[in-house]
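S.K.: coords please:
(one chain, ligands or ions: 2)
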Amino acid sequence: IERTYSMIKPDAVRDHKVGEIISRIERSGLRIERMELAEVTAEQAAANYHHLADKPFYENLIAFITSGPVVKMVISGSSAVAKMRSLMGATDPLEASPGTIRGDMALDVNSNVIHGSDSPENAEREIKLFFGA
Ligand code: ATP
Ligand code: MG
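M.R.: Numbering: from 1, shown residues only. Ligands and ions are numbered 1, 2, ... in the order given. Got it, this is the predicted structure:
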């Protein structure tokens, strides 16, 4: 059994989309192991997006992810990382297939509704970062 870290981003919490997103995750067969509504700290944001620090959209990204509460989740299941990524769809909602969370629920790449870890190693790192050891 593999674990992944996911979070419902501030745009979706603000727009009352939490229930629909959780339903999609549960219907996929993945299991929600932990879940918490909380704000992302500046330190957590910087650590989570360090790979994008030199991008022109970085400041926007940090401002967005710290702009209001998110729903932090530990999700488990067989191939949970890849399964969650396919459920989410492409980073840019314009390229995300219909039927995916971003394809159906997001309008632009700056506020794309949900985050999911991109590897099992990063998943364990992000679970520690957001839920503590
Ligand atoms: P996430 O980490 O949020 O699950 P991802 O792994 O699909 O998304 P990353 O490359 O890790 O994509 O980018 C993190 C976030 O940075 C994206 O979710 C998006 O909001 C933002 N981002 C990525 N690329 C761009 C871009 N070209 N323009 C604007 N924002 C971008
Ligand atoms: Mg990513």
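
S.K.: Please state the mean pLDDT value computed over stretch 121-133.
M.R.: Mean pLDDT, stretch 121-133: 96.

S.K.: How about stretch 86-100?
M.R.: On average, stretch 86-100 scores 97.

S.K.: near ligand 1 at all, that stretch?
M.R.: Yes: using Cβ under 6 Å from any ligand atom, we find that stretch 86-100 touches ligand 1 at Thr91. From N, CA and C alone the C-beta is placed, and that goes for glycine too.

S.K.: what's in contact with the helix ranked longest in the chain?
M.R.: Looking across the chain with DSSP state H, the single longest helix is helix 120-131. Applying Cβ atoms under 8 Å, 6 or more residues apart in numbering, the contact partners of helix 120-131 are 2-5, 7, 34, 36, 40, 44, 47-48, 72, 74, 80-81, 117.

S.K.: Give the buried residues for it.
M.R.: The neighbour-count check on helix 120-131 (16 or more other Cβ atoms under 10 Å) flags 122-123, 126-127, 129-130 as buried.

S.K.: so how far is it from its chain's centroid?
M.R.: Chain-centre distance of helix 120-131: 12 Å, with Cα atoms, centre = their mean, to the nearest Å.
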